[in-house]
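Undergrad: return a 3D structure for these sequence lines:
(one chain, ligands or ions: 1)
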Amino acid sequence: MSAMATPQDDAPLVEVKNLEMRFGTRLIQRGVSFTVAPRTIFAVMGGSGVGKSTLLRHMIGLLAPAGGQVLHRGVDYWASDAATRARLRARCGMLFQSAALWSAMTVLDNVMLPLEQLTDLNAAARRERAMEVLGWVGLESFAGYLPDRLSGGMKKRAGLARAIAAEPPLLFLDEPSAGLDPISARRLDDLVLDIRERTGAAVVMVSHELPSLFAIADDGIYLDDDSRQPIARGSPRALRDAADTHPTVRAFLRREEPPARP
Ligand SMILES: Nc1ncnc2c1ncn2[C@@H]1O[C@H](COP(=O)(O)OP(=O)(O)OP(=O)(O)O)[C@@H](O)[C@H]1O
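TA: Okay, here's the model as predicted:
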């Protein structure tokens, strides 16, 4: 694919092709290949430290692959020029584990930030759009608050509002319900489903929360620690229930002790 490539409407929203991820010489994962279908909630699964967040960072262009490709609508991100990369990055909304809100800015200003950076909307229209998405996540009346005054669940919802404000077709969520009480976690799951309905975005989600994965993910991949490569692909529910699922994956999804490996 040339540096001048333009996105093709019939190509997958995002495709990971034989990706190899390393930090220095240390191999994190290799042979990672999958596509994310439209309107899918795609789960990145695996044990702690296996490379799930690292995969998300490769998909949104924050980390460069040691090998393989990340294609957005058929365009190879790392083979593209800076302007194309910026355009591809703008297609990705991201909610980081920590929510990563700017602490000196109000919730409203945080949500308006991507609208300033990525759209031509004037100030009044930016404000209107930001208030609209804050309404979706139930935080309209907290628009003027600084993030420190919000609970953990509210911060995540504010981060989610910021991630979707500019209507990206792809939404990346890193542990959206980690650290939340079960009711807030459930609420966040419902919100992710609601946002998919409203925006039609596909969602790529890292999560350890099995109830959340079973409730909302339609597809996914399991990254294995021992072999440093994916060993399963499919929805968490189907992988949990299928007789031929890799024993390590089944144990993970059923919260059982992993099988002993030779
Ligand atoms: N910037 C970095 N430089 C060097 N090593 C890193 C860096 N970021 C992550 N790592 C290491 O890479 C491995 C994968 O990290 P990553 O955060 O992707 O795992 P994870 O599967 O998301 O884990 P968790 O579920 O605990 O969040 C870990 O061993 C981590 O220590």
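
Undergrad: all strands of the stretch 101-250 of the chain, in order?
TA: In the stretch 101-250 of the chain, the strands defined using DSSP state E, counting those that start in this stretch lie at 170-174, 202-206, 219-223, 230-233.

Undergrad: let's have these in a markdown table, adding mean neighbour count, mean pLDDT and distance to residue 117.
TA: C-beta coordinates here come from the backbone N, C-alpha and C atoms, glycine included. Shown next, in a markdown table, are the strands of the stretch 101-250 of the chain (neighbours: other Cβ atoms under 10 Å; pLDDT from 0 to 100; distance: least, Cβ to Cβ, whole Å):
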| stretch | mean neighbour count | mean pLDDT | distance to residue 117 |
| --- | --- | --- | --- |
| strand 170-174 | 24 | 94 | 17 |
| strand 202-206 | 25 | 95 | 21 |
| strand 219-223 | 23 | 97 | 30 |
| strand 230-233 | 19 | 96 | 33 |
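
Undergrad: and of those strands, who's closest to residue 43?
TA: strand 219-223 (3.4 Å; Cβ to Cβ).

Undergrad: what strands line up against that closest one, and which way round?
TA: strand 41-45 (parallel), strand 230-233 (antiparallel) (DSSP bridges).

Undergrad: residues from the protein in reach of the ligand?
TA: Within the chain, the positions lying close to the ligand (Cβ under 6 Å from any ligand atom) are 23, 28, 46, 48-54.

Undergrad: in strands, which of those appear?
TA: 23, 28 (DSSP state E).

Undergrad: any chance of a markdown table for the residues of the chain next to the ligand, columns neighbour count and pLDDT?
TA: Formatted as a markdown table, the residues of the chain next to the ligand follow (neighbours: other Cβ atoms under 10 Å; pLDDT from 0 to 100):
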| residue | neighbour count | pLDDT |
| --- | --- | --- |
| 23 | 11 | 97 |
| 28 | 21 | 98 |
| 46 | 25 | 94 |
| 48 | 7 | 91 |
| 49 | 10 | 93 |
| 50 | 19 | 96 |
| 51 | 24 | 96 |
| 52 | 25 | 96 |
| 53 | 17 | 94 |
| 54 | 20 | 96 |
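
Undergrad: show me which of the residues of the chain next to the ligand is closest to residue 109.
TA: Distances from residue 109 to the residues of the chain next to the ligand, taken by Cβ to Cβ, are shortest for residue 53, at 26.4 Å.

Undergrad: coming back round to it: how about a markdown table for the residues of the chain next to the ligand, with distance to residue 90 added?
TA: Below are these laid out as a markdown table (distance: Cβ to Cβ, whole Å):
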| residue | distance to residue 90 |
| --- | --- |
| 23 | 26 |
| 28 | 26 |
| 46 | 28 |
| 48 | 31 |
| 49 | 30 |
| 50 | 29 |
| 51 | 25 |
| 52 | 23 |
| 53 | 21 |
| 54 | 22 |
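
Undergrad: which single one of the residues of the chain next to the ligand is nearest to residue 174?
TA: The closest of those, once distances to residue 174 are taken by Cβ to Cβ, is residue 53, at 5.5 Å.

Undergrad: break down the stretch 151-262 of the chain into its helices, ranges please.
TA: All helices of the stretch 151-262 of the chain, identified by DSSP state H, counting those that start in this stretch, fall at 152-164, 182-199, 210-216, 236-241, 247-253.

Undergrad: distance between the fourth one and the chain's centre?
TA: This means helix 236-241. Once both centres are worked out by Cα atoms, centre = their mean, to the nearest Å, helix 236-241 turns out to sit 20 Å from its chain's centre.

Undergrad: in that helix, what's buried?
TA: For helix 236-241, a neighbour-count test (16 or more other Cβ atoms under 10 Å) marks 236, 238-240 as buried.

Undergrad: for the ligand, state which of these is nearest.
TA: residue 236 (15.4 Å; Cβ to the nearest ligand atom).

Undergrad: where does the closest residue to that closest one other than its chain neighbours land on pLDDT?
TA: In space, residue 236 comes closest to residue 213 once its chain neighbours are excluded; the distance is 4.1 Å by Cβ to Cβ, 6 or more residues apart in numbering. Among the per-residue scores, residue 213 shows a pLDDT of 92.
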